[in-house]
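Student: Need coordinates for the following:
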Amino acid sequence: MNPQGDRHPLAHCTLCEHRCGVDRLAGQTGVCRMTLPAVASATLHPAPPESYTVFMAGCNYKCLNCQNWTIAQTPDNGYPPGRFVPARELAHECVAWLESPAAKQMGADRIFFSGGEPTIHLPYVEEVVDEARRLSPNLKVNFDTNGYLTRSSLSKVLEFTTSITFDLKAFSNEVHLALTGASSAPVLRNAAYVGKHAREKLWEYRILVIPAINEEEIARLCRFIAEIDAQLPVCFLAFRPNYVLEHRAGATAALMDRCVEIGAANGLKRAYWAGQTGIPGLHRSHCNQVVWPYRQAGARTAGADAHAAGCRTHPRNCVACDFNQLCAIKGYVPRKNS
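Tutor: Alright, predicted model coming up:
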């Protein structure tokens, strides 16, 4: 990374739709709480698309269900925030691994940027890709995103990606806020743009199905995608107990089958599901008190879980929260790590 003073995007960070405007080069932090780019880990990974996956530390969401919470919610949870790796060094590492016998055997054919959320480190990702393609001009690149990018950031991502995996958490703004701390509007805008104008790059939309929280969102999300293009691929992922929601039982196979049926009923032609089902949550009493600012049942459930974990501002909206630099959700450490 080669900072260029005020000209560098991190000097006034507006990479995602929180648009915090902080000077991360000077050590200021916004919602994501990250300064310089940090790599949590990098490894060959068999999950489709098979790849050399680079997990970037930090995230602009504070999802209650976070699967990768140890790296996504750093530095407030006490886990190491990863390490800065010069872009040139990481690019050489990625290319070397993708040319290795192990990668050939696995079928790994691209760099896969994940996290956390790689958008918050976008200038660094671009540097890595530029150097990697200098070494291997036809190198493929996947970008795994929660969709909370500015229009400008999305344009940059579409310039260098071969494929995109795009997460959708909820359709309604209220449920999305309660679950993630961020609005659904920019995500839906970006999902629609990708589906309409970069369809060839979309590996799939991914919808994590969380019982009692976003079940009622599934039909609306399916209609939304089908109206863009009924042939767009949609993968429903089975929720497993994790992070703040470690006490909640995982999605059942019956629920996942029903989601595929809902997708078909709402026009989707390529809907399927993946993941392990039927995982029990922690057996403990849990206060499910109603947090009054939420009208929808799923939002009330998520809001109550957030409240029980220490979230003090409701409805949740991380960018406007007075406590976003000392966030109880971001500092939460679950009893188990599934």
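Student: Show me what the one helix or strand residue 91 maps to packs onto, helices and strands only.
Tutor: Assigned by DSSP states H and E, residue 91 belongs to helix 87-98. Helices and strands touching helix 87-98, by 3 or more CB pairs under 8 Å, 6 or more residues apart in numbering; DSSP states H and E, are strand 39-45, strand 51-56, strand 110-114, helix 122-135. No exception for glycine: its C-beta is placed from N, CA and C like everyone else's.
Student: okay, those in a markdown table with distance to residue 67 next?
Tutor: Shown next, in a markdown table, are these (distance: least, CB to CB, whole Å):
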| stretch | distance to residue 67 |
| --- | --- |
| strand 39-45 | 13 |
| strand 51-56 | 11 |
| strand 110-114 | 11 |
| helix 122-135 | 21 |
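Student: buried residues in the helix holding residue 91?
Tutor: Neighbour-count burial for helix 87-98 flags 87, 88, 90, 91, 93, 94, 95, 97, 98 (criterion: 16 or more other CB atoms under 10 Å).
Student: The first one reaches residue 131, doesn't it?
Tutor: Yes: the criterion here is CB atoms under 8 Å, and residue 87 meets it with residue 131 at 5.9 Å.
Student: hang on, the earlier thing: just the residues contacting the helix holding residue 91, thanks.
Tutor: Residues outside helix 87-98 that contact it (CB atoms under 8 Å, 6 or more residues apart in numbering): 1, 39, 42, 44, 52, 54, 85, 103, 108-111, 124, 127-132, 134-136, 139.
Student: just the buried members of the residues you listed?
Tutor: Looks like these have 1, 39, 42, 44, 52, 54, 85, 103, 108-111, 124, 127-129, 131-132, 139 buried, using 16+ other CB under 10 Å.
Student: The closest residue to residue 224 other than its chain neighbours and residue 125: what is the separation?
Tutor: Among residues not flanking residue 224 along the chain, residue 171 sits closest, at 6.1 Å (CB to CB, 6 or more residues apart in numbering). Using CB to CB, to the nearest Å, residue 171 is found at 28 Å from residue 125.
Student: Between these two, point out the one with more neighbours.
Tutor: Neighbour count, other CB atoms under 10 Å: between residue 171 and residue 125, residue 125 has more, with 25 against 21.
Student: wait, isn't the more buried one in contact with residue 112?
Tutor: No: the pair residue 125 / residue 112 is not scored as a contact, 11.3 Å apart, by CB under 8 Å.
Student: mind listing what residue 129 touches?
Tutor: Applying CB under 8 Å, 6+ apart, the residues near residue 129 are 91, 111, 139, 141, 160.
Student: So what pairs up with residue 83 in the strands?
Tutor: residue 39 (DSSP bridges).
Student: Just confirm it contacts residue 41, I think it does.
Tutor: No: counting by CB under 8 Å, residue 83 stays clear of residue 41, with 9.8 Å between them.
Student: These two - which one has more neighbours?
Tutor: Using other CB under 10 Å, the more surrounded residue of residue 83 and residue 41 is residue 41, with 15 against 11.
Student: Tell me which residues touch the more buried one, please.
Tutor: Residue 41 neighbours (CB under 8 Å, 6+ apart): 54, 55, 71, 82.
Student: Farthest pair within those?
Tutor: Spanning the widest gap among those are 54 and 71, at 11.3 Å by CB to CB.
Student: which stretches of the protein aren't confidently modelled?
Tutor: Counting by pLDDT under 70, the chain shows low-confidence ranges at 1-6, 283-290, 336-338.
Student: Please enumerate the helices of it.
Tutor: 69-72, 87-98, 101-106, 122-135, 151-160, 173-180, 185-197, 218-228, 253-265, 297-308 (DSSP state H).
Student: Identify the residues contacting the first one?
Tutor: Put plainly, it is helix 69-72. Under CB under 8 Å, 6+ apart, the answer for helix 69-72 is 40-41, 55, 57-59, 61, 63, 66, 77, 79, 82, 115-117, 242-243, 332, 334, 337.
Student: Filter these down to the buried ones, ChimeraX style.
Tutor: Buried members of the contacts of helix 69-72, defined by 16+ other CB under 10 Å, are picked up in ChimeraX with:
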select :40,55,57,58,59,61,63,66,77,79,82,115,116,117,242,243,332,334
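Student: Now go through the contacts of helix 69-72 and say which are in strands.
Tutor: Under the assignment DSSP state E, these contribute 40, 41, 55 to strands.
Student: Show the contacting residues for the first one.
Tutor: When contacts are counted by CB under 8 Å, 6+ apart, residue 40 touches 55, 56, 57, 71, 74, 82, 115, 116.
Student: Give me the phi and psi angles of the last one.
Tutor: Reported as degrees, to the nearest 10, the phi and psi values for residue 116 are phi 50, psi -160.
Student: Is it in contact with residue 61, as I believe?
Tutor: No: the criterion here is CB under 8 Å, and residue 116 misses it with residue 61 at 9.3 Å.
Student: domain assignment for this protein?
Tutor: 37-161, 180-326 (automatic domain parsing).
Student: tell me the most buried of those domains?
Tutor: Mean neighbour count (mean count of other CB atoms under 10 Å) peaks for domain 37-161 among those, with a mean of 20.
Student: Quote the end-to-end distance of that domain.
Tutor: 19 Å (CA to CA, to the nearest Å).
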